[in-house]
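A.B. asks: Generate a structure from the sequence data that follows.
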Amino acid sequence: MSAVQLGQYPPASHLIAHISDTHFLGGSRALYGAVDTDTTVYQAMAQLERSGLRPDALVFTGDIADRGEADAYRRVRDIVEAAAERMGAPVIWVMGNHGKREAFRTELLREAGSMAPVDRVHDIGGVRIIALDTSVPGYHHGDLSEAQLAWLTDVLREPAPHGSLLTLHHPPVPTMLPLMAILELRGQARLAEVVAGSDIRAILGGHLHYATTGLFAGIPVSVAAATCYTIDPTAPRGELSGLQGGQSINLVHVYFDQIVHSHVALGEFEAATGFDASFLARMEALTPEQRTEAFSRQVESG
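C.D. replies: Take a look at the predicted model:
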C-alpha cells in the first residue's frame, strides 16, 4: 500500500481474502487420484503473506473437504490457521455441498457436532460478514429453509456500521454450464425478498469452480474460482471439463462507497516487466503534477 494517496480514492477500509473450494481428502489423498489439493492452498497463503497486504479476514466459501472427512478438515484448518495467525486475520468457514455439518463443526469451528445449518455472523471491524449454509444434506444443489430465511431477516433488521457481506457456497447467479445449473441454489426468489434493500453490499460465493460476477436483487455477486481445480467455461458444448490450472483467489477491498473484487492467479510465474518499491517511493516524493509528467506522459521510442 502506498504511503501517499496517488489517485482519487483513499485506501480501502477493509480487505477480505475470498478463497473457495479447497476439496481436501482424508489421508492426504489426491483428489480424483490426480489433483494435489494441498499445494495450491499453501501457495495461496504464501502469496498473501509475502504481499504484506494483511487481510482483515480470510473467508472460505465452502467445499473445504471433498467428502467431509474429519482429518481432511483438520489438515486444511492447520495449514490455513497457521498462516492466518501470522497475518493476524480471523478465518471464516462457510459450509458447501461436499461438506458434513457435524465434522465441519467439530473440526473447523471446534464446537459440538450438530446437523443444524451452519449459519453465523462475524463482525470484522464494523463489516458484518454473514455465513449462510446453503447445503442440502445428501444432495449437491443448494437451498434455504424458511427458518434460515427468517434468521437472515432478523440479522439484517439493523444495518452494520460498514454494511454487510453475505457469504454462501451456491451463488445466486446464472451459469452457462447446463450440468451446473442442476446444482444451483434453488428458491432464489425467496432469498431475493429478504436481501433486497438491505445493507448487504456484496455476495461472495463459490461452487462453480470458475470466477464470475453477477447481480442479484440489486446486489453485486462475486464468485471465486477453486484452489483445487477449475471448470472450463469454454469446453465443447455439453461437456463439463475440470482442469488442473487456472486456480485463483479473490481480494475484496471494501471502500466507503463501493467494493472491488480482484482476481489473483495462484502460482509462480516469470515476470515480464515491472517497477520495484524504490520507484514507487520516488513517485510518492513528487508533486501530483510532477508524477503526471514522470509516469503518465508517453515517451516515443526511437
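A.B. asks: What strands flank the one helix or strand R201 maps to, and is each parallel or antiparallel?
C.D. replies: Assigned by DSSP states H and E, R201 falls within strand 200-205. Here strand 200-205 has these sheet partners by DSSP bridges: strand 164-167 (parallel), strand 219-223 (parallel).
A.B. asks: With mean neighbour count, mean pLDDT and distance to T39 as added columns, please give these in a markdown table.
C.D. replies: For glycine as for every other residue, the C-beta is placed from the backbone atoms N, C-alpha and C. Formatted as a markdown table, the strands paired with strand 200-205 follow (neighbours: other CB atoms under 10 Å; pLDDT from 0 to 100; distance: least, CB to CB, whole Å):
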| stretch | mean neighbour count | mean pLDDT | distance to T39 |
| --- | --- | --- | --- |
| strand 164-167 | 26 | 98 | 25 |
| strand 219-223 | 21 | 98 | 23 |
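A.B. asks: among those strands, which is nearest T212?
C.D. replies: strand 219-223 (4.8 Å; CB to CB).
A.B. asks: sorry, back to before: could you dump the strands paired with strand 200-205 to CSV with distance to I249?
C.D. replies: Shown next, in CSV, are these (distance: least, CB to CB, whole Å):
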stretch, distance to I249
strand 164-167, 14
strand 219-223, 11
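A.B. asks: out of these, nearest to I92?
C.D. replies: strand 164-167 (6.9 Å).
A.B. asks: Run through who's touching the closest one.
C.D. replies: 16, 59, 61, 92, 94, 127-132, 156, 195, 198-205, 219, 252, 254, 259 (CB atoms under 8 Å, 6 or more residues apart in numbering).
A.B. asks: now the strands for the stretch 201-302 of the chain?
C.D. replies: 212-216, 219-223, 230-231, 242-243, 248-254, 259-265 (DSSP state E, counting those that start in this stretch).
A.B. asks: I'd like to know which of those lies nearest to V118.
C.D. replies: V118 sits nearest to strand 219-223 of all the strands of the stretch 201-302 of the chain, at 19.8 Å, using CB to CB.
A.B. asks: that older thread, what about the strands paired with strand 200-205, which gets the closest to T175?
C.D. replies: Going by CB to CB, the one of those nearest T175 is strand 219-223, 9.2 Å.
A.B. asks: R86 is nearest to which of the strands of the stretch 201-302 of the chain?
C.D. replies: Among those, strand 248-254 sits nearest to R86 (CB to CB), with 17.0 Å.
A.B. asks: Please tell me how far that closest one is from the chain's geometric centre.
C.D. replies: 7 Å (CA atoms, centre = their mean, to the nearest Å).
A.B. asks: Mind giving me the packing neighbours of it?
C.D. replies: Helices and strands touching strand 248-254, by 3 or more CB pairs under 8 Å, 6 or more residues apart in numbering; DSSP states H and E, are strand 14-19, strand 200-205, strand 259-265.
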